[in-house]
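K.L.:
can't give you the sequence, but here's the structure:
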Ligand SMILES: *Cc1c(COP(=O)(O)O)cnc(C)c1O
């Protein structure tokens with residue numbers, strides 16, 4: 001046996017960290033008799049808003065719901081289109097499809113794998129038409145209404161440049177910040193840049209509420225609409241409702257967060273700085289330890305701000321490295337170490353391919369990424385031993 005590093009137990013690529021304080025806070029809600037949207041949701045919204053410095057903060061039951069509500073608020077329709085990154089989770093693209101609107105995908109920059117001002121401009125010049133007033137899709141003639149950048153892994157997109165482009169073409173900016181809590185871009189927290197920012201509290205994300213999400217915005221009227229639409233289009237939320245009377249003013253959704261989830265969120269938020277510190281420490285260790293590996297591209301610090309280090313993604317060049325990505329993934333699994341891939345590009349999925357006719361050749365950088373990328377375990381609860389197991393196994397396999 002030449003296996004230097006074989007763990008007894010499986011190390012997943014991500015796990016939530018749930019403290020006894022968090023469990024106690026949730027238990028208190030369970031004992032209180034009020035389990036759905038109520039005072040805990042209000043508290044979580046206020047404290048989250050204070051943390052990122054956003055004016056309006058609206059809790060929902062997922063980031064997907066949040067993205068949907070943001071697009072609903074700006075009045076996206078089947079005559080419209082929206083631009084997002086080809087490398088993201090399906091949620092970012094599917095919400096555009098909810099309206100019968102057209103998703104237009106940008107390629108990614110080859111270094112950070114995000115939508116850059118350059119890839120956005122290239123998409124606009126090759127796939128869109130500008131008449132001085134409206135930006136439309138060359139393919140369908142639909143009017144482009146929004147840009148949805150994704151802060152992949154927690155490395156922040158160039159928000160100043162993206163907002164400038166949005167302004168030039170009269171587009172809204174809705175940031176998918178599922179990976180970007182907490183993250184800073186040019187001295188301002190993610191959550192204060194675009195028209196809307198949407199965070200995820202899914203189990204594997206920076207903080208979790210089991211399932212959950214948060215929308216931040218500086219638009220008061222959109223915020224009011226989102227608050228209404230997240231709960232059946234009722235003009236007052238359940239918590240403020242005096243007596244039995246309420247009015248339904250829209251056909252809304254059922255996207256509210258529960259107090260059970262918010263109780264977990266309140267404590268996770270308090271602990272988030274510690275989580276972030278630990279993830280950052282592990283990422284820095286990985287970067288030092290893996291720096292000599294041939295044919296392996298390591299993630300960079302965020303030179304424009306502060307990386308959330310939600311993910312640690314490396315790229316393995318099959319021509320240069322000792323083994324290819326797929327073998328690395330297999331061998332790590334043999335050693336009880338989990339990995340993941342962020343993400344299978346949107347245009348690779350059968351639904352998007354068949355519905356929108358996306359062609360691989362339009363996204364060369366995303367294809368490169370898809371062939372080489374792998375996400376290694378990175379979460380706050382990793383022990384020193386977990387960390388060392390990953391380091392030893394990766395070095396053993398790639399040097
Ligand atoms: C997790 C994730 C989402 C969806 O978040 P949910 O809270 O599960 O709806 C959206 N976008 C990206 C990039 C994600 O990673």
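P.N.:
Right, received. Where do you want to start? The model shown is predicted, which means the values in this text are computed figures rather than measured ones.

K.L.:
please give the element, helix or strand, for residue 181.
P.N.:
Using DSSP states H and E, residue 181 sits in no helix or strand.

K.L.:
sorry, slip of the keys, the one I care about is residue 287.
P.N.:
Counting by DSSP H and E, residue 287 is part of helix 259-289.

K.L.:
same for that helix, what does it pack against?
P.N.:
With contacts defined as 3 or more CB pairs under 8 Å, 6 or more residues apart in numbering; DSSP states H and E, the packing partners of helix 259-289 are helix 20-32, helix 39-52, strand 312-316, helix 384-398. In short, each C-beta sits where N, CA and C put it, glycine included.

K.L.:
so which of the ones you listed is the most packed in?
P.N.:
Burial of those is given as mean neighbour count (mean count of other CB atoms under 10 Å); strand 312-316 ranks first at a mean of 23.

K.L.:
buried ones in the next helix or strand along the chain from it?
P.N.:
The helix or strand immediately downstream of strand 312-316 is helix 325-334, counting by DSSP H and E. Applying a neighbour-count criterion of 16 or more other CB atoms under 10 Å, one finds 325, 328, 329, 331, 332 buried in helix 325-334.

K.L.:
got it, and stretch 215-229?
P.N.:
215, 216, 217, 219, 222, 223, 225, 226, 227, 228, 229.

K.L.:
my guess is the last one meets residue 69, correct?
P.N.:
Yes - under the criterion of CB atoms under 8 Å, residue 229 is in contact with residue 69, at a separation of 5.6 Å.

K.L.:
pull up the overlap in contacts between these two.
P.N.:
By CB atoms under 8 Å, 6 or more residues apart in numbering, residue 229 and residue 69 have these common neighbours: 253, 255.

K.L.:
rounded mean pLDDT for stretch 187-195, please.
P.N.:
Averaging pLDDT along stretch 187-195 yields 98.

K.L.:
tell me the buried residues in it?
P.N.:
When neighbours are counted by 16+ other CB under 10 Å, the buried residues of stretch 187-195 are found to be 189, 190, 191, 192, 193, 194, 195.

K.L.:
ok, the residues you listed vs residue 23, which is closest?
P.N.:
For those, the minimum distance to residue 23 (CB to CB) is 27.0 Å, reached by residue 191.

K.L.:
and the closest one, what does it touch?
P.N.:
For residue 191, the contacting residues are 52, 53, 54, 177, 181, 197, 199, 216, by CB under 8 Å, 6+ apart.

K.L.:
and the nearest residue to it once chain neighbours are set aside, how far from the ligand?
P.N.:
In this structure, residue 191 finds its nearest non-sequential neighbour in residue 52, 3.3 Å apart by CB to CB, 6 or more residues apart in numbering. For residue 52, the distance to the ligand (CB to the nearest ligand atom, to the nearest Å) stands at 17 Å.

K.L.:
please give me every residue in contact with residue 52.
P.N.:
181, 182, 189, 190, 191, 192, 197, 216.

K.L.:
relative to the ligand, how far out is residue 221?
P.N.:
According to CB to the nearest ligand atom, residue 221 and the ligand sit 24 Å apart.

K.L.:
same question but for residue 209, I mixed them up
P.N.:
Distance of residue 209 to the ligand, computed by CB to the nearest ligand atom: 9 Å.

K.L.:
ok, now residue 182?
P.N.:
Distance, residue 182 to the ligand, using CB to the nearest ligand atom: 16 Å.

K.L.:
same check on residue 29?
P.N.:
Going from residue 29 to the ligand by CB to the nearest ligand atom gives 20 Å.

K.L.:
my read: that residue touches residue 257, true?
P.N.:
No - when contacts are counted by CB under 8 Å, residue 29 is not listed as touching residue 257 (11.9 Å).

K.L.:
which bits of the chain sit near the ligand?
P.N.:
By the rule CB under 6 Å from any ligand atom, the part of the chain lying against the ligand is 62-64, 88-89, 91-92, 150, 176, 178-179, 200, 202, 213.

K.L.:
any chance of the helices and strands packed on helix 259-289 in TSV with mean pLDDT as columns?
P.N.:
Shown next, in TSV, are the helices and strands packed on helix 259-289 (pLDDT from 0 to 100):
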stretch	mean pLDDT
helix 20-32	98
helix 39-52	98
strand 312-316	98
helix 384-398	97
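
K.L.:
okay, the ones you listed in TSV with distance to residue 137 next?
P.N.:
TSV is the format used below for these (distance: least, CB to CB, whole Å):
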stretch	distance to residue 137
helix 20-32	45
helix 39-52	33
strand 312-316	31
helix 384-398	43
